[in-house]
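Asks: All I have is the shape, not the residue letters:
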């Protein structure tokens with residue numbers, strides 16, 4: 001099942017993503033695909049759609065999301081030039097968004113485990 005999801009980052013900005021969740025989904029493993037640079041959650045040539053579909057066929061849940069200020073997610077991009085934005089990304093601009101997405105996926109996986117136990 002594919003659905004749009006949102007969650008807030010540490011700055012309070014709403015991040016937008018797509019969750020592919022097979023039925024049944026493995027509760028012990030989840031995958032978070034990170035956008036390459038300034039590309040959105042689809043990635044070049046729809047790579048993440050294709051990759052996500054392969055993981056789903058293995059009963060793995062997959063989250064792809066847009067970093068703050070990119071794609072459909074909220075937030076500013078203060079750098080006026082693309083090279084400056086790439087430099088900020090290389091220096092860890094989206095490390096916090098990445099951690100937030102991982103924690104969101106952990107919470108989702110924990111709820112699957114609880115549902116399976118009951």
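Replies: Received the coordinates, thanks. No experiment lies behind these values; they were computed from the predicted model shown.

Asks: Going by residue numbers, what spans are helices in the chain?
Replies: 47-56, 82-90, 95-117 (DSSP state H).

Asks: Including mean neighbour count, could those go into TSV?
Replies: (Each C-beta comes from the backbone N, C-alpha and C, glycine too.) TSV is the format used below for those (neighbours: other CB atoms under 10 Å):
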stretch	mean neighbour count
helix 47-56	16
helix 82-90	13
helix 95-117	14
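
Asks: quick one, which of those helices is nearest to residue 74?
Replies: Closest of the helices of the chain to residue 74 is helix 95-117, at 11.2 Å (criterion: CB to CB).

Asks: and that closest one, what other elements does it pack with?
Replies: Counting contacts by 3 or more CB pairs under 8 Å, 6 or more residues apart in numbering; DSSP states H and E, helix 95-117 packs against strand 2-8, strand 14-20, strand 30-33, strand 61-65.

Asks: of all the ones you listed, which gets the most neighbours per residue?
Replies: Highest mean neighbour count of the helices and strands packed on helix 95-117: strand 61-65, a mean of 25 (counted as mean count of other CB atoms under 10 Å).
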